[in-house]
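*Asks:* Can you look at this prediction? I've put the sequence above it.
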Amino acid sequence: MGKNGGRADYGVTPIIAALLILALTLLMTGIIVAGVMQMGNPHSTPIAGITISDNFGVISLAHFSGDTLPAGQYVILVNGVDQTQAFHAENLNFSPGITLTWDLGITHPLHRVTVVYTGTGESVVIADKQFYREGEVEVNAAFTTLITEGKNATAQVKTEISDTKPLPGIIADRADYWAVLNAESGQATVRFTAEENSTDRAYSWTSGNGQTADTRDPAFIYNTTGFYTVRLDIQNTTSGDTGTSSKIIAVRNPGVTALTWVKRNSENLTGVYIAKTKNDLGLVLKDGGWVLQNYFAGFEFKVVFNNSSMNTYNQIRSGVLMVTGTWYHTAGVVNQSGTNTKEMLRIYVNGEYPPSPTYQGDDPTGKKYLELTTGSIHKNPSFNISSYSEVPFPLSDTEIKSIYTTEAGDPR
């Protein structure tokens with residue numbers, strides 16, 4: 001304490017303090033750098049200032065200061081792979097003022113570029129930069145699909161044809177192509193063709209069911225229903241560039257499903273008939289086919305089978321009664337398999353299988369419904385039809401339920 005009551009100041013002046021701090025900082029920095037150098041490499045490791053950049057697919061390494069990296073004593077890694085030769089740097093002293101470039105292209109992924117010094121027998125990172133470009137497929141790997149055996153059902157599933165509605169997206173969007181097994185051979189053959197056609201292209205196909213191929217246009221055989229992912233991997237053997245693409249193929253059993261939204265507006269005894277063929281009265285099928293009938297007392301699905309000697313029909317009738325002014329979603333399904341009517345025919349009302357269905361007919365073994373090319377609707381003025389679809393294969397219980405659930409709020 002001073003004589004006047006003030007505090008004695010035994011410290012240094014601010015300027016001297018600042019100089020001391022600067023000197024101490026420089027000293028400590030030198031000690032740390034020397035320590036790191038000594039720990040990482042007992043020999044002399046170059047210290048170089050290198051910037052790494054990517055400009056529309058061109059990778060640039062600019063050496064702007066520091067030591068020269070001697071030729072053969074450094075490598076350039078791109079995504080962890082030695083690409084020194086791609087930069088034409090294997091015989092080049094990388095000195096200040098030199099910029100190395102490589103046009104990788106924007107279609108390739110770029111995750112990391114690293115310059116590593118190897119002259120001391122160890123690997124010391126001189127410069128490193130991380131990127132986040134995933135890139136795009138460079139080689140066109142698109143391919144077309146053609147069903148050569150069995151039925152191509154894609155159009156009837158995805159697009160409106162013959163005045164019918166496509167299946168809702170909840171079904172149609174599950175696959176890119178829909179194939180129906182041939183009723184006689186029990187198989188579907190699908191041919192795929194790569195759009196790329198060149199002598200420097202290598203093709204590698206997988207079918208989704210164990211088959212493979214290495215030609216441009218293989219054909220794969222499917223004899224079991226299901227969803228299969230077909231994949232093409234293609235390589236440009238000159239540049240090394242690759243591409244890949246895939247499609248989902250849905251393979252279904254032969255048969256038919258009829259779907260309709262219908263509403264009754266009055267107490268009329270007759271109904272609405274959606275049929276593949278019918279006589280002038282609109283009541284009875286002739287020469288084989290199917291009819292989905294909606295009337296005040298319920299719903300029927302009738303199939304007329306044809307063999308060489310006679311026409312016979314089987315049908316299923318639900319016990320559900322139509323309430324005036326209410327929309328109903330009805331679905332009739334026939335499968336070309338089974339030994340009796342119950343195994344062959346199904347009918348659903350509002351997505352549900354009726355609790356007390358009535359069957360007529362039996363023993364459809366050996367009979368085939370005719371897949372005719374014409375269809376018609378007999379519409380009674382007392383009924384409204386919002387839509388109908390004819391699907392060339394049997395829909396499952398779950399699929400019919402999902403269609404009803406999807407459309408219940410807005411019958412299409």
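*Replies:* Alright, I've got the coordinates.

*Asks:* which residues touch stretch 212-223?
*Replies:* The contact list for stretch 212-223, computed with C-beta atoms under 8 Å, 6 or more residues apart in numbering, reads 148-149, 179, 181, 186-194, 196-197, 201-207, 209, 211, 228, 230, 249, 251. Bear in mind the C-beta positions are built from the backbone N, C-alpha and C, glycine included.

*Asks:* Just the buried subset of the residues you listed, please.
*Replies:* In those, burial by neighbour count holds for 149, 179, 181, 188-190, 192-194, 196, 201, 203, 205-207, 209, 228, 230, 249, 251, counting by 16 or more other C-beta atoms under 10 Å.

*Asks:* Walking through the stretch 151-300 of the chain, point out its strands one by one.
*Replies:* 151-152, 177-180, 188-194, 201-206, 212-213, 219-222, 226-236, 242-252, 255-264, 272-275, 289-295, 298-306 (DSSP state E, counting those that start in this stretch).

*Asks:* now those as TSV including mean pLDDT?
*Replies:* TSV is the format used below for the strands of the stretch 151-300 of the chain (pLDDT from 0 to 100):
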stretch	mean pLDDT
strand 151-152	94
strand 177-180	96
strand 188-194	97
strand 201-206	94
strand 212-213	96
strand 219-222	98
strand 226-236	93
strand 242-252	93
strand 255-264	88
strand 272-275	72
strand 289-295	81
strand 298-306	82
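
*Asks:* Out of those strands, which is closest to residue 78?
*Replies:* strand 242-252 (16.3 Å; C-beta to C-beta).

*Asks:* ok so, going back, can you put the strands of the stretch 151-300 of the chain in TSV and add distance to residue 48?
*Replies:* Shown next, in TSV, are those (distance: least, C-beta to C-beta, whole Å):
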stretch	distance to residue 48
strand 151-152	64
strand 177-180	57
strand 188-194	47
strand 201-206	41
strand 212-213	50
strand 219-222	56
strand 226-236	36
strand 242-252	35
strand 255-264	72
strand 272-275	80
strand 289-295	80
strand 298-306	81
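
*Asks:* of the ones you listed, which approaches residue 322 most closely?
*Replies:* Here strand 255-264 is closest among the strands of the stretch 151-300 of the chain (C-beta to C-beta), at 4.6 Å.

*Asks:* How far does that closest one sit from its chain's centre?
*Replies:* 30 Å (C-alpha atoms, centre = their mean, to the nearest Å).

*Asks:* Go through the strands of the stretch 151-300 of the chain and name the closest to residue 401.
*Replies:* Closest among the strands of the stretch 151-300 of the chain, using C-beta to C-beta: strand 255-264, at 12.3 Å.

*Asks:* helices or strands up against that closest one?
*Replies:* strand 272-275, strand 289-295, strand 327-335, strand 383-391, helix 397-407 (3 or more C-beta pairs under 8 Å, 6 or more residues apart in numbering; DSSP states H and E).

*Asks:* quick one: contacts for residue 345?
*Replies:* 301, 303, 314, 315, 316, 332, 333, 334, 359.

*Asks:* could you flag which of those residues are buried?
*Replies:* Looking at the contacts of residue 345 with 16+ other C-beta under 10 Å, the buried ones turn out to be 301, 303, 314, 315, 316, 332, 333, 334.

*Asks:* mind putting the residues you listed in a markdown table, distance to residue 255 included?
*Replies:* A markdown table is the format used below for the buried ones among the contacts of residue 345 (distance: C-beta to C-beta, whole Å):
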| residue | distance to residue 255 |
| --- | --- |
| 301 | 12 |
| 303 | 10 |
| 314 | 13 |
| 315 | 16 |
| 316 | 14 |
| 332 | 11 |
| 333 | 7 |
| 334 | 5 |
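
*Asks:* And those, which is closest to residue 262?
*Replies:* residue 332 (12.2 Å).

*Asks:* Now do the contacts for the closest residue to that closest one other than its chain neighbours.
*Replies:* Counting by C-beta to C-beta, 6 or more residues apart in numbering, residue 332 lies nearest to residue 301, which is 2.9 Å off, once chain neighbours are set aside. Applying C-beta under 8 Å, 6+ apart to residue 301 gives the contacts 258, 290-293, 315-316, 332-334, 345-347.

*Asks:* How much space separates residue 301 from residue 391?
*Replies:* The gap separating residue 301 from residue 391 is 13 Å, by C-beta to C-beta, to the nearest Å.

*Asks:* shared neighbours, those two?
*Replies:* Common contacts of residue 301 and residue 391 (C-beta under 8 Å, 6+ apart): residue 258.

*Asks:* For the residue nearest to residue 401 when sequence neighbours are not counted, give its distance to residue 259.
*Replies:* What sits nearest to residue 401 in space, not counting adjacent residues and going by C-beta to C-beta, 6+ apart, is residue 351, at 4.2 Å. Applying C-beta to C-beta, the value for residue 351 to residue 259 is 11 Å.

*Asks:* Report pLDDT for the closest residue to residue 49 other than its chain neighbours.
*Replies:* Nearest non-adjacent residue to residue 49, counting by C-beta to C-beta, 6+ apart: residue 65, 3.9 Å away. Residue 65 carries a pLDDT score of 94 in this model.

*Asks:* Poorly predicted segments of this protein, please.
*Replies:* 1-43, 136-137, 161-163, 268-270, 275-288, 306-311, 366, 369-379, 412 (pLDDT under 70).

*Asks:* ends of stretch 388-403, how far apart?
*Replies:* Using C-alpha to C-alpha, to the nearest Å, the end-to-end distance of stretch 388-403 comes to 12 Å.

*Asks:* Name the residues of it that are buried.
*Replies:* Of the residues in stretch 388-403, those buried (16+ other C-beta under 10 Å) are 388-395, 399-403.

*Asks:* What about residue 224, how many residues nearby?
*Replies:* 11 (other C-beta atoms under 10 Å).

*Asks:* nope, residue 133 is what I meant
*Replies:* 14.

*Asks:* Quick check: the gap between the closest residue to it other than its chain neighbours and residue 131.
*Replies:* Among residues not flanking residue 133 along the chain, residue 110 sits closest, at 4.4 Å (C-beta to C-beta, 6+ apart). Using C-beta to C-beta, we find residue 110 at a distance of 4 Å from residue 131.
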